[in-house]
Every structure is written in structure tokens, then in C-alpha cells.
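> Okay, here's the prediction I keep looking at, along with the sequence it came from:
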Amino acid sequence: MKSIIQMTAGLALAATVASAEDVAPADVVYEEYGEVTASLTGIAGDPENGIVVMTSRGKGNCIACHEVTALADYPFHGEVGPMLDGVGGYRSEAELRGIVANAKHTFPDTMMPAFYKTSGYIRPGDAFTGKAGEEPLPPLLTAQEIEDVVAYLQTLTD
Amino acid sequence: MMKTALKGAVYGLIALAASTAVADESAELVINGETEIVTRADAPAHLDGALSEVTSGWLYRSDETQAMQMDDFDNPGMLAVEDAMVAWGTAEGTENKSCADCHGAAEEGMAGVRATYPKWNDNAEEVRTLAMQINACRTENMGAEEWKYDGGDMLAMEGLISYAGRGDTINVAIDGPAQAMWEQGRDMYYTRTGQLELSCANCHEQNYGNMIRADHLSQGQINGFPTYRLKNAKLNGVHSRFKGCVRDTRAETYAVGSEDFIALELYVASRGNGLSVEGPSVRN
């Protein structure tokens, strides 16, 4: 069985072709409670692609840790993080963007990996090779993938 | 906790998918109908309340996987133990000695051994894992070549020594001269490594019993090592398993046999004080 964390594996080729218009990981402005107000790309998120990112082991693989009733067609949801039903109703877009990009600004001790961060790691590796990686590492998700996930999460209002 | 309540509410929706992976956490492990294995024990004092009890990884596996360990004829790891029984009686090296020449029958000579490793060796002034002690015996007493750490010969012999001590209570010493290395291992256990910034504790102390995608998280106890994994159909060593786990945090791993992993093994082994030696165990 694939190990738990292969989750964020794929590291999207897209990460290497990030647009020059994107806000770079180191330049993201987190507000007092970790919110990120401005879009990372200026392009509206695509909730359909957000589902792909959330359910793919090679992308965000969010359901590895979070249950989402609306994604019940995709097997095996985890129990490590809070379930996400209704999260679009009780969290703002800025809160969601901040949590997906780097949840530690909102919840300092959270286990959740930072999906838009490239340096400041202990023993950073080169993806899943076990070999040393050199910072800055490519972020786990591209700026647009973050926006797509945020767009999808905003649809979870029930 | 709210999470738990919500989990219950949606459980029905994923029950079908999850049922293949959910184990019977209340099962009792008795091997061959006679050897009782302690799979739940009070947490050792050094954990200082971090865990209410310590639990064997066996509890978190599917019914089918659990059953394989309950009968030696169904336990594929026992094939390696049989190989090691042959090696045990085979003279080797410049001294032309076998293990049996000094230790007698493995079942008697090695009883009680596995439960105390890793442990401090006064003469060598180092903490030795079972693998290190086997190699010391081979090179110093037999004049034979070292075995590769976590290689097939080594794991088979560790399997035999675990089999000889099966049912013994894990009792790894953490004080005295071993203390500094034990503290090093404890620090490693709680350090969040790699791009995923995960520590051992994130999964195995804070989330054991929870599903992470299709995996049922255990406490990461190593009392069952060497362990036969269905995933790769062979006996697996502790350090190789650690290496896989660290790699999966998208970190630079430590080397098998390294001082780092010896320290981590000492610490993790001590978290299982009170459980039974199970090896060779069967896991996913």
C-alpha cells in the first residue's frame, strides 16, 4: 500500500512552469490570523480542477486526511484533519487560501503540510527520493492549484 | 471532540470503502493456540502521559493479516526463521564455529535476548542493536564476514532470535550509559522533517487509530520486528522501515545502520516496553 504521505507526491510539472504573474511563495502576505486576501494568480480558481487536486495522490491529496461527503465517489478519506463539509460556509475565501497555502500561520501546531512554501525545512529532501533537496524546493502545489482548491472549498456550504 | 462526532455522522458514507482496511482493534493475539502475546500494555513511565497505553501494530491490521500471524504455518516470515536455523548450526569463519557451538539450541540460548535490544555494551562502550551484536559475534568470535545490515541473512537471524524470545516482555533500558543516545532518539522522534514537516509523533502518537487515506495508522511500535510485510513479501528491518517513513516526509533520510537510526531505534523500542516480542510479525 502506498504510504500515507505519498500524497503530495506528484508535484505537478505545472509547478515548474508557474507564471511570472504569480505571487511567489516567499512573497505571500499572511494577515493576523493567517488569511491571504489577494489571489495568488489573479485568475479565478477552477473548482472542477480543485476536485482533481484534492483527490489525486500526486497532487494535494487533501482527502488523505480530510473527509468530504461531496467527494464520496473517491475512495478512502482520512480522519487526521477535520472534515470539510460546510467549510465554505464558515470560512472566508482569504482564510481558506491562507490555510491551504500554509496552515501554520493560522494553526501554529497543525500537522498539515504547507502547500505553498519552498524553504525553512529540516532535512529537506528531493521529493520522495530520500536524497537531500536544495532549497528553495518547488512548492507542493502551484499558485493556480491553490486557487482551484480554494474555489472548490468555497462550494462546500452544506 | 467535534471531529469524532462529525466522523460518526459521515461514517456510513465511507464505510463500504473503509471496511476492507478497518481492523478489529479488540482482537487477542495467541500464536499457535498457545503463546499469548501482550498487544496492549500500560504506557511506560518515561512517556509521561503522552500515551495512555501502548499497542501492537498487529491490532491495526485487517482480520486476514492478523490471522497470518496467529499460526506459524501461515506466517511467511517463518520461512526465513527456518533458513536461519540452518545458518545457526553452520560452522563459519576462521574459527570454524557455528552459533550453536557457543549458544546451544537457538530456542534456549537466545531466549530473553530480543526483549532487551538495543542495549548498552560495556566492552564496546556503545549502544548495540541486535544486528550489531550479531555482526560482532560473527567477526570477533567466528572470524566470519559481517552480514549486511538489514540484508536477508541478518533479518532471518534476527527473526530466529525474535522467535526464540517470542512472548517475552520488551524491557529496553534507557538510563545509565544509554541515556544520551536515548535522548537523541527522543529528539528525533519529535522533529518535523522534510517538506511535509512531519514527525514520527504526528502520525504515531497523535493519530494512531485514524485512517490516513487507506492506511490505518498504528503507534509505529517495533516490538514485532523483523516484520514480514505483504507489501514487499519479505522480512523487513527496523532501520529500513524508518528510512521509508522519513523519505515519505519528503526529507533527506538517514542511513540504515547509522548512529542516528540506532538512537531512534533505542528510543522507539523503549516506547514499546511492556509489549511482547512478536517477531517475526506480519503486517501490510
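Yep, it's here.

> Point out where the chain drops to low pLDDT.
Assuming you mean chain A. Per-residue confidence of chain A (counting by pLDDT under 70) places the weak regions at A:1-18.

> nope, chain B please
Judged against pLDDT under 70, the low-scoring parts of chain B cover residues B:1-22.

> all helices for it, in order.
Assigned by DSSP state H, the helices in chain B fall at B:2-18, B:63-68, B:77-88, B:99-103, B:106-109, B:130-136, B:152-164, B:179-189, B:200-204, B:238-247, B:259-271.

> do chain A as well
For chain A, helices defined by DSSP H occupy the ranges A:47-55, A:87-90, A:93-102, A:143-154.

> Any idea which residue is closest to the centre of chain B?
Of all residues in chain B, the one closest to the mean position by Cα atoms, centre = their mean is B:Ile222, 2.4 Å from it.

> can you pull the contacts of that residue?
Residues in contact with B:Ile222 (Cβ atoms under 8 Å, 6 or more residues apart in numbering or on different chains) are B:Val238, B:Arg241, B:Glu265, B:Val268, B:Ala269, B:Gly272. For every residue, glycine as well, the C-beta is placed using N, CA and C.

> re earlier: can you list the helices of chain A in JSON lines and add distance to chain B and mean neighbour count?
JSON lines is the format used below for these (distance: least, Cβ to the nearest Cβ, whole Å; neighbours: other Cβ atoms under 10 Å in any protein chain shown):
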{"stretch": "helix A:47-55", "distance to chain B": "10", "mean neighbour count": "20"}
{"stretch": "helix A:87-90", "distance to chain B": "11", "mean neighbour count": "14"}
{"stretch": "helix A:93-102", "distance to chain B": "10", "mean neighbour count": "24"}
{"stretch": "helix A:143-154", "distance to chain B": "15", "mean neighbour count": "26"}
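
> Redo these as a markdown table? Include distance to B:Gly165.
What follows is the helices of chain A, written out as a markdown table (distance: least, Cβ to Cβ, whole Å):
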| stretch | distance to B:Gly165 |
| --- | --- |
| helix A:47-55 | 45 |
| helix A:87-90 | 50 |
| helix A:93-102 | 47 |
| helix A:143-154 | 50 |
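
> which stretch among these comes nearest B:Ala87?
Minimum separation from B:Ala87 across those (Cβ to Cβ) falls at helix A:47-55, 48.1 Å.

> What is the closest one packed up against?
Packed against helix A:47-55 by the contact rule (3 or more Cβ pairs under 8 Å, 6 or more residues apart in numbering or on different chains; DSSP states H and E) you find helix A:143-154.

> contacts for the helix it packs on?
Outside helix A:143-154, the residues that touch it by Cβ under 8 Å, 6+ apart are A:12, A:14, A:18-19, A:22-23, A:39-41, A:43-54, A:59-60, A:62, A:84, A:87-88, A:91, A:93, A:96-97, A:100-101, A:115-116, A:141.

> Dump the helices of chain B into a markdown table; add distance to chain A and mean neighbour count as well.
Supplementary listing: the helices of chain B in a markdown table, determined by distance: least, Cβ to the nearest Cβ, whole Å; neighbours: other Cβ under 10 Å:
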| stretch | distance to chain A | mean neighbour count |
| --- | --- | --- |
| helix B:2-18 | 4 | 13 |
| helix B:63-68 | 11 | 16 |
| helix B:77-88 | 18 | 19 |
| helix B:99-103 | 34 | 17 |
| helix B:106-109 | 33 | 16 |
| helix B:130-136 | 20 | 21 |
| helix B:152-164 | 20 | 25 |
| helix B:179-189 | 10 | 18 |
| helix B:200-204 | 5 | 21 |
| helix B:238-247 | 4 | 22 |
| helix B:259-271 | 10 | 24 |
